[in-house]
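In: predicted model, plus sequence, below.
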Amino acid sequence: MKKGIKRLIIIVLILAVVAILGSIAYIRIGQRQGRNNSAEVLDLSTPVVVTKVKSGDITESLLVNGSVQAVKEVSIFSSVPGKVKNILVSEGMRVKKEQILGYVERDEAGLKFADAGIESTIHGIVKEVQTEVGASISPSMPLFHIVDMDSVEVVVHIPEKDISRIKTGLKAEISVLSYPGKIFLGIIHKLSPVLDPASRTREAKILVPNRDHTLKPGMFGSTEIIIRSLTNALLVPYSAFIDRDEKKVIYIVNNGKAKEVIPEIDIVKGEKAAVTSGVVIGDRVIVVGQHNIKGGDMVTIVEEIE
């Protein structure tokens with residue numbers, strides 16, 4: 001059956017359940033107020049929609065935003081004063097550590113020296129050439145800017161209430177606006193020792209392999225830090241839970257009656273909740289109609305959702 005048709009059928013069933021629930025509520029109120037004068041009170045069951053408790057995998061995670069920056073980014077200087085004689089690289093070129101980027105003609109009166117080579121101090125990409133041939137320079141002037149993009153860092157800020165859950169070594173999944181649907185994997189490798197007093201957050205740096213240089217410094221994206229994962233957990237739709245007497249309860253169908261259960265919730269993610277008690281695999285949990293019943297009420301299952 002096509003998804004659209006199946007969804008329409010479910011919506012119609014839910015609307016029907018709501019209408020029947022309204023009628024039953026009206027009749028029950030009338031019974032309580034004595035409007036039903038018959039000797040026998042009608043035995044009405046409440047129509048409900050259920051789904052079965054299943055086992056599956058779930059993760060506890062923290063979603064934060066962050067920006068991409070280079071792990072290594074350096075400015076290159078000349079070791080001697082003089083004039084730039086030639087430049088051997090251009091912006092965007094890959095360079096190796098100790099590769100000659102250009103030469104300087106030394107400027108010392110009365111002396112003749114060989115031209116001094118300007119060397120890269122890291123492997124990387126030429127981000128910027130900050131000089132030109134013929135320019136007079138000194139050792140304090142930056143001439144080239146080199147960035148290593150084989151790996152990058154995603155810098156995020158952890159709210160104060162969550163810092164106890166975040167530690168180095170945790171895995172993270174990063175998505176950026178430039179590549180929708182693509183996930184980049186990283187790992188937290190640095191945590192600031194202090195909190196920012198203004199934002200009350202702790203800075204974390206996530207190291208991400210970037211051999212193809214897809215991620216660019218300056219990109220902005222969403223980061224999901226995986227705090228812990230559970231396999232074969234008992235999963236219940238979170239929408240099944242309702243608040244009763246300041247507790248989160250669900251109702252399961254047992255011998256045609258609603259049984260109130262107070263499960264212990266472990267992880268909630270999206271539409272799923274992992275619980276550690278109260279239910280077993282295969283229990284039928286009420287997901288529509290639970291707001292109109294109490295423990296012990298008769299119920300009729302009108303739909304079971306996979």
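Out: Here it is on my side, so go on. As the structure is a prediction and not an experimental result, all values here were calculated from the model.
In: residues contacting the residue nearest the centre of the chain?
Out: With distances taken as CA atoms, centre = their mean, the residue of the chain nearest its centroid is E224 (2.5 Å). When contacts are counted by CB atoms under 8 Å, 6 or more residues apart in numbering, E224 touches S61, L62, L63, A172, E173, I174. All C-beta atoms are positioned from the backbone trio N, CA, C, and that covers glycine.
In: which one of those residues is nearest K112?
Out: Checking those against K112 by CB to CB gives I174 as the nearest, at 54.8 Å.
In: surely that closest one forms part of a strand?
Out: Yes. Under DSSP: H, G, I helix; E, B strand; the rest coil, I174 sits within a strand.
In: which residues of the stretch 101-250 of the chain fall in strands?
Out: 116-119, 124-129, 136-137, 142-159, 171-176, 184-191, 201-209, 220-237, 242-244, 247-254 (DSSP state E, counting those that start in this stretch).
In: wait, which of the ones you listed is closest to E306?
Out: strand 220-237 (11.7 Å).
In: show me how far the closest one is from its chain's centre.
Out: Distance of strand 220-237 from the chain centroid (CA atoms, centre = their mean, to the nearest Å) equals 9 Å.
In: model confidence over that strand, on average?
Out: The predicted model assigns strand 220-237 a mean pLDDT of 96.
In: buried set for that strand?
Out: G221, T223, E224, I225, I226, I227, L230, A233, L234, L235, V236, P237 (16 or more other CB atoms under 10 Å).
In: now do stretch 173-183
Out: Within stretch 173-183, judged by 16+ other CB under 10 Å, the buried ones are E173, I174, V176.
In: with stretch 179-195 instead?
Out: F184, G186, I188, H189, L195.
In: with distance to L207 added, can I get these in JSON lines?
Out: Putting those into JSON lines (distance: CB to CB, whole Å) gives the following:
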{"residue": "F184", "distance to L207": "11"}
{"residue": "G186", "distance to L207": "6"}
{"residue": "I188", "distance to L207": "8"}
{"residue": "H189", "distance to L207": "4"}
{"residue": "L195", "distance to L207": "22"}
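In: what about V126, how many residues nearby?
Out: 19 (other CB atoms under 10 Å).
In: against K161, how distant is it?
Out: From V126 over to K161 the distance is 43 Å, taken as CB to CB, to the nearest Å.
In: can you check I76 too?
Out: 43 Å.
In: which one of the two is surrounded by more residues?
Out: In this comparison of I76 against K161, neighbours counted by other CB under 10 Å, the higher total goes to I76 at 21 against 8.
In: is it true that the more buried one touches M141?
Out: No. Assessed by CB atoms under 8 Å, I76 is found out of contact with M141, at 10.4 Å.
In: top strand in this structure by residue count?
Out: strand 54-77 (DSSP state E).
In: strand 142-159 and that one, what's the angle between them?
Out: Relative orientation of strand 54-77 versus strand 142-159 (axes from the mean of the first three to the mean of the last three CA atoms, to 10 degrees): 150 degrees.
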